[in-house]
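1. attaching a predicted model along with its sequence, questions to come.
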Amino acid sequence: MHFGKSYGTLLLALGLLGAGISGCQKSASPGGGAASSANQVVIAVIPKGTANSYWLGVKAGAEAAGRERGVKIDFDGPKLETDITGQINLVEDKINAGVKGIVLAACDTHALLRPVEDALHRGIPVVTIDSGLDPKDDPSYCYIATNNEEGGKKAADALAAAIGEKGKVGILGFLQGAASNDDRLKGFNEEIKKYPGITVVTTLYDDSDTGKAVNQTANMLTAHPDISGIFAANQPGGVGAANYLRQSGLVGKVKIVAFDASDDEINDLKQGIIQALIVQNPYQMGYQGVMEVLNALAKKPAPHPRFIDSGVTVVTQQNMNDPQIQKLLHPGSS
């Protein structure tokens, strides 16, 4: 992987960080940390949005890595995950501000390619997390994310179990063109074919907006009142679908399986409004993302394979109180 000119003074600054930078780690180990200085390395962490509490898990993990390695984390993202232009401008702003590395969750697999290439041409390594770039052209150091196709398949199995492997189901996606959305829906649609008694009757999109998810759930169930289950592909969809079922008196009649684990989703799971959550590990994405940027700055070889699976877990009422599950549901809380 080529990141442009030699890092010179940057490597001198990195030498102050202590005895080496660790490689890919499979579990977060926050702690320690070096004193800050005027020459402290700054790593930009740019999520797809800031309205979704999922990204706070990424922030917590990134900041834990920053404390551990004595680097400053500049966490900043567009307010809305649909603001592709805003994210492009933000990446360019961070490049011009002189950050030493970037951790990026791309709003669009194609549109963010140019600003990432701009960063690399300036000698700024980029690690993608959660939602990456087009695999055919991706020049980033590595990609850390949920195996979203596998997560979609787990969602299909969980929803099939919840509705007794028969009935009509609807899909509530969030943003076509976002890698995470497309892969989750692909995995779900492939896996649900294994259940001949289940038919997918509609797919709608909510733009990662809870209010729109409520409206789209209403539209879905108005057009198909005999739907037995809904797959909501992210947190706003899960919260919105659950809110609509609560408002319309359909709790228990329509089952929901949703991605992510916001406080609202966890409460809805406890109350039986949502039957299962497909839980990612955003804390680990943020933590490893920063660690891999530092590996790139230290000119360590990129991981092989370049994709690092941060894990995905199905959480139900039956297992949600297990200690390891609690750590996933409340990242960075202890």
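-> Cool, got the structure.

2. so which residues of the stretch 201-334 of the chain form strands?
-> 227-232, 255-259, 276-279, 307-309, 313-315 (DSSP state E, counting those that start in this stretch).

3. could I get those strands as TSV with mean pLDDT, distance to Pro125 and mean neighbour count?
-> Heads up, the C-betas are built off the backbone N, CA and C, glycines and all. Shown next, in TSV, are these (pLDDT from 0 to 100; distance: least, C-beta to C-beta, whole Å; neighbours: other C-beta atoms under 10 Å):
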stretch	mean pLDDT	distance to Pro125	mean neighbour count
strand 227-232	98	35	26
strand 255-259	98	29	29
strand 276-279	97	29	27
strand 307-309	94	15	16
strand 313-315	97	30	19
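
4. could I get those as JSON lines with distance to Asp137?
-> Shown next, in JSON lines, are the strands of the stretch 201-334 of the chain (distance: least, C-beta to C-beta, whole Å):
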{"stretch": "strand 227-232", "distance to Asp137": "30"}
{"stretch": "strand 255-259", "distance to Asp137": "26"}
{"stretch": "strand 276-279", "distance to Asp137": "28"}
{"stretch": "strand 307-309", "distance to Asp137": "15"}
{"stretch": "strand 313-315", "distance to Asp137": "31"}
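
5. do you know how far the closest residue to Ala105 other than its chain neighbours is from Leu245?
-> Once flanking residues are discounted, Ala105 sits nearest to Asp130: 4.0 Å by C-beta to C-beta, 6 or more residues apart in numbering. The spacing between Asp130 and Leu245, counted by C-beta to C-beta, to the nearest Å, is 27 Å.

6. quick one: which of the two has more around it?
-> Neighbour totals were compared for Asp130 and Leu245, and Asp130 leads with 27 against 23 (other C-beta atoms under 10 Å).

7. wait, doesn't the more buried one sit right on Ala145?
-> Yes - counting by C-beta atoms under 8 Å, Ala145 is a contact partner of Asp130 at 5.2 Å.

8. show me where the stretch 1-150 of the chain has its strands.
-> Listed in chain order, the strands of the stretch 1-150 of the chain (DSSP E, counting those that start in this stretch) span 42-46, 72-75, 101-104, 126-129, 143-145.

9. in the second one, which residues are buried?
-> Buried residues in strand 72-75, counting neighbours by 16 or more other C-beta atoms under 10 Å, are found at Ile73, Asp74, Phe75.

10. rounded mean pLDDT for that strand, please.
-> On average, the pLDDT along strand 72-75 is 98.

11. that one pairs with which strands?
-> For strand 72-75, the paired strands and their directions (DSSP bridges) are strand 42-46 (parallel).

12. which residues touch Gly177?
-> By C-beta atoms under 8 Å, 6 or more residues apart in numbering, the residues touching Gly177 are Asp108, Thr109, His110.

13. now those residues as CSV including pLDDT and distance to Gly249?
-> Shown next, in CSV, are the contacts of Gly177 (pLDDT from 0 to 100; distance: C-beta to C-beta, whole Å):
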residue, pLDDT, distance to Gly249
Asp108, 92, 38
Thr109, 92, 40
His110, 94, 43
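
14. are any of the residues you listed buried, and which?
-> Buried among these (16+ other C-beta under 10 Å): Asp108, Thr109.

15. can I get the contacts of Gly177 in JSON lines with distance to Thr50?
-> Below are these laid out as JSON lines (distance: C-beta to C-beta, whole Å):
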{"residue": "Asp108", "distance to Thr50": "17"}
{"residue": "Thr109", "distance to Thr50": "21"}
{"residue": "His110", "distance to Thr50": "23"}
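
16. of the contacts of Gly177, closest to Ala160?
-> Among the contacts of Gly177, Thr109 lies closest to Ala160 (C-beta to C-beta), at 28.9 Å.

17. surely the closest one touches Ala178?
-> Yes - applying C-beta under 8 Å as the test, Thr109 and Ala178 come out as touching, 7.3 Å apart.

18. identify the contacts common to the two.
-> Residues touching both Thr109 and Ala178 by C-beta under 8 Å, 6+ apart: Ser131.

19. list the contacts of the residue nearest in space to the middle of the chain.
-> Per C-alpha atoms, centre = their mean, the C-alpha nearest to the average position across the chain is that of Asp130, at 3.7 Å. If you count contacts by C-beta under 8 Å, 6+ apart, Asp130 has them with Pro47, Lys48, Val58, Ala105, Ile144, Ala145, Thr146, Ser180, Gln280, Pro282, Met285.

20. ok, now with 6 Å
-> Taking C-beta atoms under 6 Å, 6 or more residues apart in numbering, we find Asp130 in contact with Ala105, Ala145, Met285.
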